[in-house]
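Engineer: quick one, what's the 3D model for this:
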Amino acid sequence: MPKTDTTHGSTTRRPWVRARTAGNAAPQSVTTSKARASAKAPTRTAAESDKPAKRFVQPFVFDDVQRGMITGALEAADIGDPTGRAIFIGAIAYELAAFRAEAAQRAPSPPAQPEPKAAPAAAPTQDHPLSALSRSAAQLVSQIEQIDEAARTTLSEALKRTDRFARGYGADYLEALRAELHRIALAAEAADPPAPPKPRPRPRRAKPIDPATISFIRFAAKAYAESLEQAPTPALSGPFAEVLRTIAEATDTPLQINARALKQALQAADT
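Structural biologist: This next block holds a predicted model:
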């Protein structure tokens, strides 16, 4: 029913005002709200879209042999009870899996085998003349001492035939020659200058400890203390180090178990 205006006692018909329907234009307030919402929405860059999601690492599953090796190492050291040993093995399962996954990613690919090359010719050694003379004279002395009587007689006769004065070359001559050659060998050896000293090898820098190894040892130390109720020590001959070596051996895990790693990890665990 149409409304009427009764002002001043008259009845005036007020028609309905119809909204414009051309294009069904949205109110300005609604349009502005949508624009603001669109401007606030975060946009992903191409690099973020291509970045893979972080994978969840499943805990390491110990088989019966591996559990037996680790449990046996704890039993041999009289550490913990059956329940505590089982809790310790279960506690390190996730950290061990995470360490193995990281170690597998760091493992370098095998280098390509280069083509075989011909071995370079060995550089000739520079020998001092007096050193060579000493060796040669000593060799002649040894050879003269080793010839038998028949050879000595043959040599003496040959020397006499080649001497224009036809002098004799008996046993006394060969003995005098041997003694003189021996004296030359000793004199040349004494006069030979000493070889220059070899350069001292530079001390090798200690290989840095893998941070992942420190993290695993630190976690294992806390699980060791809480599950087995015994404080771990950094001694390489101690039970904690032996348990770590057994874990590495049983699971074929490349753990660096040395004094530096143990000391650094346990110091970090105390802080």
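
Engineer: where does pLDDT dip in the stretch 151-271 of the chain?
Structural biologist: Judged by pLDDT under 70, the stretch 151-271 of the chain has its weakly predicted residues at 195, 269-271.

Engineer: rerun that using 80 as the cut-off
Structural biologist: Within the stretch 151-271 of the chain, the ranges that satisfy pLDDT under 80 run 160, 165-166, 168-171, 174, 188-208, 268-271.

Engineer: and the longest helix along the chain, what's buried?
Structural biologist: Among all segments of the chain classified by DSSP state H, the helix with the greatest residue count is helix 171-191. Residues of helix 171-191 classed as buried by neighbour count (16 or more other C-beta atoms under 10 Å): 173, 174, 178, 181, 182, 184, 185, 188. Where you see a C-beta, it was placed from the backbone N, CA and C, and this is true even at glycine.

Engineer: centre-most residue in the protein?
Structural biologist: The residue lying closest to the centre of the chain (C-alpha atoms, centre = their mean) is residue 207, at 7.7 Å.

Engineer: residues contacting it?
Structural biologist: If a contact means C-beta atoms under 8 Å, 6 or more residues apart in numbering, then residue 207 has no contacts.

Engineer: any low-confidence regions in the stretch 1-150 of the chain?
Structural biologist: Applying pLDDT under 80 to the stretch 1-150 of the chain flags the ranges 1-57, 106-128, 130.

Engineer: quick one: which helix or strand includes residue 209?
Structural biologist: In this structure, residue 209 sits in neither a helix nor a strand according to DSSP states H and E.

Engineer: whoops, residue 132 was the one
Structural biologist: Secondary-structure assignment from DSSP H and E places residue 132 in helix 129-146.

Engineer: beyond that helix, next helix or strand please.
Structural biologist: Using DSSP H and E, the next helix or strand after helix 129-146 towards the C-terminus is helix 149-161.

Engineer: tell me the helices and strands packed up against that next one.
Structural biologist: Contact partners of helix 149-161 among helices and strands, from 3 or more C-beta pairs under 8 Å, 6 or more residues apart in numbering; DSSP states H and E: helix 171-191.

Engineer: ok, residues contacting the helix or strand just after the helix it packs on?
Structural biologist: Using DSSP H and E, the helix or strand that follows helix 171-191 towards the C-terminus is helix 211-228. Judged by C-beta under 8 Å, 6+ apart, the contacts made with helix 211-228 from elsewhere in the structure are 74, 79-80, 84-85, 87-88, 91-92, 95-96, 99, 102-103, 230-232, 240, 243-244, 247, 255-256, 261-262, 264-266, 268-269.
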